[in-house]
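In: how would this look folded up:
(2 chains)
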There are 2 protein chains.
Amino acid sequence: MKIGIDILGGDFAPEANIAGAVLARKELPQDVRLVLIGDQDQILSGLNALNEDSAGYDIVHAPDVITMHDHPTRAIPNKPHSSIAVGFDLLARKEIDIFASTGNTGAMLVGAIYKINTIAGIIRPCITSVLPTVDGKNSILLDVGANADCKPDVLYQFAILGSLYAKCVYGVENPRVGLLNIGEEETKGNLLTIAAHKLMAESDEINFIGNVEGRDLFTGVADIIVCDGFTGNIALKQAEGIYTLMRKRGLRDEYFDRFNYENYGGTPILGVKGNVIIGHGISNDKAVRSMLLHSYEVAKSDLTKNINEAFNQ
Amino acid sequence: MKIGIDILGGDFAPEANIAGAVLARKELPQDVRLVLIGDQDQILSGLNALNEDSAGYDIVHAPDVITMHDHPTRAIPNKPHSSIAVGFDLLARKEIDIFASTGNTGAMLVGAIYKINTIAGIIRPCITSVLPTVDGKNSILLDVGANADCKPDVLYQFAILGSLYAKCVYGVENPRVGLLNIGEEETKGNLLTIAAHKLMAESDEINFIGNVEGRDLFTGVADIIVCDGFTGNIALKQAEGIYTLMRKRGLRDEYFDRFNYENYGGTPILGVKGNVIIGHGISNDKAVRSMLLHSYEVAKSDLTKNINEAFNQ
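Out: Below you'll find the model as predicted:
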C-alpha cells in the first residue's frame, strides 16, 4: 500500500508534516510505503534534521503550494505543480492508494470531485468528524462543511455513507443513524429535516433511530449523526471552541481529553472514487501521525469499494 | 407594575413556581405586584406551606393545565381556563404588564402571536437565549427555536430585535451584531446566511461586525449572534449538553457555572405587542425566581415600546 501525504499543506508545514510522517512510519506495517509530496529539498533536509533515512520513503517533487488564501476552484488548475495537484494526479493514476492533506480544504474537495470524480449515484460527497462520546466510543457527524445547503435526499445519502464508514472503518455492526434535529418527534424540525426524517424512517437500508438533539451529540445515542454541512460545521466548531476554553481554564479529564483533534488527525471525503483524507489546517506532528494511521485504516478497509457497490448494485 | 406568573406550567409546578414567586417577592420593589395564575386552592396551600402571607399576592383562579403533550395551536382554544390562556387574557386586557411561564413553549408562542399579536412590520417573532462569555459578559443568541425556517429578511429583523433587547434590557450601547456562519468571509455560508450577510452589511440600523463561527459563541466577539431557529436551538442544546456532562464529571469553575440555566430563568418573546417571558420547562424555584426578576427588568425597560417605534416610524 502507498499512502501519499501533502508535505506543504497546513499551518505548520513542512516541518510538522515531515515529523508526523516519521512518527507514523514507525507504527505502520513494513509493506506500507509513505509517499511524501512536496519540495524535494525541503523534504530531504527535513528528514535529515530528524536523522531519518530518506530511503524509507518515496519522495515526489511538487514545489508549489496551495495556500489557505487560494480560491478553491481555481487553485488546482492554476498551480499544477502544487503538492495538492500532484497528489491528486498520483491518486488518479493509482500510483498511491490514498492521498492525505492538511492543506486548503476547499481545494481538497474540488480536487477530489473533479480529478477523482464522484461515485455514480452520489449526489454530493461529504466530510465527517468524529465526536467522542461519554460511553467511551464515538459518534460520526456528517456533513461537517462540504455542503452548506442540502436537499432531503442528500441527507439520506449521508446516512448511508456514514453507515458504511462506521461499518468498514470502525467495525460497527448495524450502525444506529440519528438525524440532528430540534425535537424528538417526527413532526419537529425545519422543512429539510422533516422531509429527511420521512425518507430515513421509510428506508430499510439504514438503521434509523429517529431524531437526536444538540444535547445528544456526545452521549452516544447514535453511531452516525446526520445533518447538513452548515449545521454540522457550527456544531463541530462550537465543540472545539468549548474544548479550547476548558483547556485554557485548566479543566481537563479523561473524557474531554478525547476532544483533542490530534487524536483524529483526518477524515475521509465520502462519496468519491478514490481515497482522500482531509486533516485539520492547524495539525502538528501528532495530528499528522494520526491522519496517516487513519489513512491506512481507510485504505485497508475497502470503504470506497463498498460505497461504490452500495450505490451501484 | 403587575407581573403575571403561570403557576401550573413546567415540570415542577406548582411547588417550584410558588416557591420561586416567594423568592422573587423578597427582592422585587414593593410597588411590584406578583399575580399568581393557577389553581387557587393549590396556590393558597402552597403559600401556606411556605408560611407566606397570601395578601402579598394577587391570585387569579385558572384550574386547567396545558401540558407538554398538548398541541401548541389547539391548546389555548381547547383549554380557556388554563393558566396560560388566562394569563394571556389578563395581558391582553392590560391587567398585568408582563406574563411569564415555564409551561409549553409552543403554546406560549401561539398565545403571544394570536392573543397579543405581532407588532406591525415584524415578519416573525423570535426567542433568545443568553450565552455567558469568557470576558464576564453575555452574548444574546437568537432565534433559538421559534422559527426553524427563516428567510434572509427575517434574520435581518432578528438583528434589530436583538440589538434593541441588548440596549433596552442589558444597557449595551451600540451592540455588536454577528451572523452565525461557517466562515469569516462574506462569501461563506449557506444561501440564507450569504443573503442575510448582504442585508446586514448594507444596513446602518445595526452595528454589524460580520460573520462569527461556532467557536465564537462564548468568546464575546459579538453582543448579538443571529441565526435561524434551527441552528440556534441545536447550538443551545449542545451547550447545555456539554455543561451537563461537565457537571456530571465534576468539572466546574466560575465561568462554566454561569451556564446554569437557573441564573437566567427566562427570555422574552421579541416582536409581539405585549411582554411575554418563556422559562425553561425544567425550572426549579431558583430558575423561577430568576425568570421573575428578569420579567421585572423587561417590563421596566419599555423594550416592547422601543421595538414598536423602531418598526413603525
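In: Please parse chain A into its domains.
Out: Domains of chain A are assigned by automatic domain parsing as A:1-119+A:271-313, A:123-262.
In: tell me the mean pLDDT over stretch A:300-309?
Out: Stretch A:300-309 shows a mean pLDDT of 94.
In: Send over it as CSV, restricted to the C-alpha atoms.
Out: Provided in CSV are the C-alpha atoms of stretch A:300-309 (Å, rounded to 0.1, in the frame of the first residue of the first chain):
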residue,chain,number,x,y,z
LYS,A,300,-7.2,-1.1,4.1
SER,A,301,-10.9,-1.1,4.6
ASP,A,302,-12.2,-1.1,1.0
LEU,A,303,-14.6,1.7,2.1
THR,A,304,-14.6,3.3,-1.3
LYS,A,305,-15.3,-0.1,-3.0
ASN,A,306,-18.2,-0.7,-0.5
ILE,A,307,-19.7,2.7,-1.2
ASN,A,308,-19.5,2.1,-4.9
GLU,A,309,-21.2,-1.3,-4.5
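In: and it, how far out from the chain's middle?
Out: Relative to its chain's centre, stretch A:300-309 lies at 15 Å (C-alpha atoms, centre = their mean, to the nearest Å).
In: Run through the helices of the stretch 51-200 of chain A in chain order.
Out: Under the criterion DSSP state H, counting those that start in this stretch, the stretch 51-200 of chain A contains helices at A:72-78, A:83-92, A:105-111, A:152-170, A:191-201.
In: Which one of the domains of chain A lies nearest to B:Ser139?
Out: Taking C-beta to C-beta, domain A:123-262 is the member of these nearest to B:Ser139, at 12.2 Å. Quick note: C-beta positions are derived from backbone N, CA and C, even for glycine.
In: A:Ile116 is in contact with A:Gly274, correct?
Out: Yes: A:Gly274 is within contact range of A:Ile116, at 4.2 Å (criterion: C-beta atoms under 8 Å).
In: Now for those two: what residues contact both?
Out: Here A:Gly274 and A:Ile116 share the contacting residues A:91-92, scored by C-beta atoms under 8 Å, 6 or more residues apart in numbering or on different chains.
In: Just the element for A:Lys305, please.
Out: Using DSSP states H and E, A:Lys305 sits in helix A:303-311.
In: Return the angle between stretch directions for that helix and helix A:152-170.
Out: 140 degrees (axes from the mean of the first three to the mean of the last three C-alpha atoms, to 10 degrees).
In: Helix A:303-311 packs against which elements?
Out: Where contact means 3 or more C-beta pairs under 8 Å, 6 or more residues apart in numbering or on different chains; DSSP states H and E, helix A:303-311 is packed against helix A:152-170, strand A:266-270.
In: by how many degrees do the shortest one and helix A:303-311 diverge?
Out: Here strand A:266-270 runs at 30 degrees with respect to helix A:303-311, directions being taken by the same axes, to 10 degrees.
In: Paired strands for strand A:266-270, with orientation please.
Out: If you go by DSSP bridges, strand A:266-270 pairs up with strand A:126-132 (antiparallel), strand A:275-279 (antiparallel).
In: Kindly tell me how buried the nearest residue to A:Met108 once chain neighbours are set aside is, as a neighbour count.
Out: Ranked by C-beta to C-beta, 6 or more residues apart in numbering or on different chains and with sequence neighbours excluded, the top spatial neighbour of A:Met108 is A:Ile278, at 5.1 Å. Using other C-beta atoms under 10 Å in any protein chain shown, A:Ile278 is surrounded by 27 other residues.
In: A:Ile278 contacts A:Thr105, correct?
Out: Yes: using C-beta under 8 Å, A:Ile278 is in contact with A:Thr105, at 5.7 Å.
In: Residues in contact with both of the two, list them for me.
Out: Shared contacts of A:Ile278 and A:Thr105 (C-beta under 8 Å, 6+ apart): A:Ile127.
In: and stretch A:203-218, how far apart are its ends?
Out: With C-alpha to C-alpha, to the nearest Å applied, stretch A:203-218 spans 25 Å between its terminal residues.
In: Now find how far off-centre that stretch is within its chain.
Out: So, by C-alpha atoms, centre = their mean, the centroid of stretch A:203-218 is 21 Å from its chain's centroid.
In: touching chain B at all, that stretch?
Out: Yes: shown here: stretch A:203-218 in contact with chain B (C-beta under 8 Å from any C-beta of the partner chain) through A:213-218.
In: tell me the most buried of the helices and strands packed on helix A:303-311?
Out: strand A:266-270 (a mean of 26; mean count of other C-beta atoms under 10 Å in any protein chain shown).
In: neighbours around A:Asp11, how many?
Out: 13.
In: Which residues are in contact with it?
Out: Contacts of A:Asp11 (C-beta under 8 Å, 6+ apart): A:281-283.
In: May I have the phi/psi pair for A:Tyr261?
Out: A:Tyr261 has phi and psi values of phi -60, psi -20 when expressed as degrees, to the nearest 10.
In: hmm, I was thinking of A:Asp216
Out: Dihedral angles (degrees, to the nearest 10) for A:Asp216: phi -90, psi 0.
In: next one: A:Ile3
Out: Per degrees, to the nearest 10, the backbone of A:Ile3 is at phi -110, psi 120.
In: who are the neighbours in contact with it?
Out: Counted by C-beta under 8 Å, 6+ apart, A:Ile3 has contacts A:28, A:32-35, A:96-98, A:100, A:292, A:295-296, A:299.
In: Could you list the low-pLDDT ranges of chain A?
Out: By pLDDT under 70, chain A contains no weakly predicted segment.
In: let's see 90
Out: Within chain A, the ranges that satisfy pLDDT under 90 run A:68-69, A:72, A:261, A:263-265, A:302, A:313.
In: and A:Asn207, how many neighbours does it have?
Out: Around A:Asn207 there are 18 other residues, counting by other C-beta under 10 Å.
In: Write down the beta-bridge partners of it, one by one.
Out: With DSSP bridges as the criterion, A:Asn207 is bridged to A:Arg176.
In: Likewise for A:Val35?
Out: A:Gly4, A:Asp58.
In: Tell me how far it lies from A:Asp285.
Out: 18 Å (C-beta to C-beta, to the nearest Å).
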